[in-house]
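Participant: Structure of the sequence below:
(chains A and B)
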Protein chains: 2
Amino acid sequence: MSTPASQYRFAVNVTPKPGILDPQGRAVEKSLPHLGIRGVTGVRVGRRVELTVEAADAAAARAVVDKLAGEMLSNPLMELFVVEALDPAGPAA
Amino acid sequence: MSTPASQYRFAVNVTPKPGILDPQGRAVEKSLPHLGIRGVTGVRVGRRVELTVEAADAAAARAVVDKLAGEMLSNPLMELFVVEALDPAGPAA
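Facilitator: Here you go, the predicted model:
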């Protein structure tokens, strides 16, 4: 008998490392006065990737996400990533 | 005397609405076998914007972020956004 696999849903948040120039964030900051919005600083624009992993248990699923986040979804020289476990009932597609 | 303003840090998570085609997500899914990763489905690629708002209180700061997220950071026809309050000690730049 094989172990039944379960599905786990995660989000990977990828953001520019502190000190790395973030042109998109600067562009947002410069646009704010035109919208009449003041008092917003430190804008950093990154990516958020949500995905479902089928694995034997939560630890195995987490290992898959960590590998994927570090090797494919982020650039380790310029970006940080944080993995977040989501409610499995979230929208999958 | 004016009310002293405090700083609040937020993240805005923007994701494609369910049912909306997500070419970046499809591209990630198709690349996975080349990395030797199996069992990953439902990949959705969105944006994550982190920012600091200076406002009189948390409710006022949240109102600024909601306006910004709905009018500038997301396309309401194709995307959903979720605002998340962050630890103020997080990296601001």
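Participant: Find the centremost residue of chain A, please.
Facilitator: A:N13 (1.7 Å; C-alpha atoms, centre = their mean).
Participant: That one sits in which helix or strand?
Facilitator: For A:N13, the enclosing helix or strand under DSSP states H and E is strand A:6-16.
Participant: still on that earlier bit, so the residue nearest to the centre of chain A is in contact with A:G46, correct?
Facilitator: Yes - with contact defined as C-beta atoms under 8 Å, A:N13 reaches A:G46; the gap is 6.6 Å. (Glycine included, C-beta is placed from N, CA and C.)
Participant: Please identify every residue contacting each of the two.
Facilitator: Both A:N13 and A:G46 are contacted by B:R48, under the criterion C-beta atoms under 8 Å, 6 or more residues apart in numbering or on different chains.
Participant: Show me which residues of chain A are close to chain B?
Facilitator: Within chain A, the positions lying close to chain B (C-beta under 8 Å from any C-beta of the partner chain) are A:5, A:9, A:11, A:13-15, A:18-19, A:25, A:28, A:31-32, A:35, A:37, A:39-55, A:64, A:67-68, A:71-73, A:91-93.
Participant: Which of the residues you listed are buried? Put it as a ChimeraX command.
Facilitator: Only the buried entries of these go into this ChimeraX selection, using 16 or more other C-beta atoms under 10 Å in any protein chain shown:
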select /A:9,11,13,14,15,25,28,32,37,39,40,42,43,44,45,46,47,48,49,50,51,52,53,55,64,68,73
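Participant: sorry, back to before: neighbouring strands for the strand holding A:N13, and are they parallel or not?
Facilitator: Strand partners for strand A:6-16, identified by DSSP bridges, are recorded as strand A:40-55 (antiparallel), strand A:79-85 (antiparallel).
Participant: Dump those strands into a markdown table; add mean pLDDT as well.
Facilitator: Shown next, in a markdown table, are the strands paired with strand A:6-16 (pLDDT from 0 to 100):
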| stretch | mean pLDDT |
| --- | --- |
| strand A:40-55 | 97 |
| strand A:79-85 | 97 |
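Participant: quick one: low-confidence parts of chain A?
Facilitator: For chain A, applying pLDDT under 70 flags the ranges A:1-3, A:89-93.
Participant: Which residues belonging to the longest helix seen in chain A are considered buried?
Facilitator: If you go by DSSP state H, chain A has its longest helix at helix A:58-68. Residues A:60-62, A:64-65, A:68 are the ones in helix A:58-68 that count as buried (16+ other C-beta under 10 Å).
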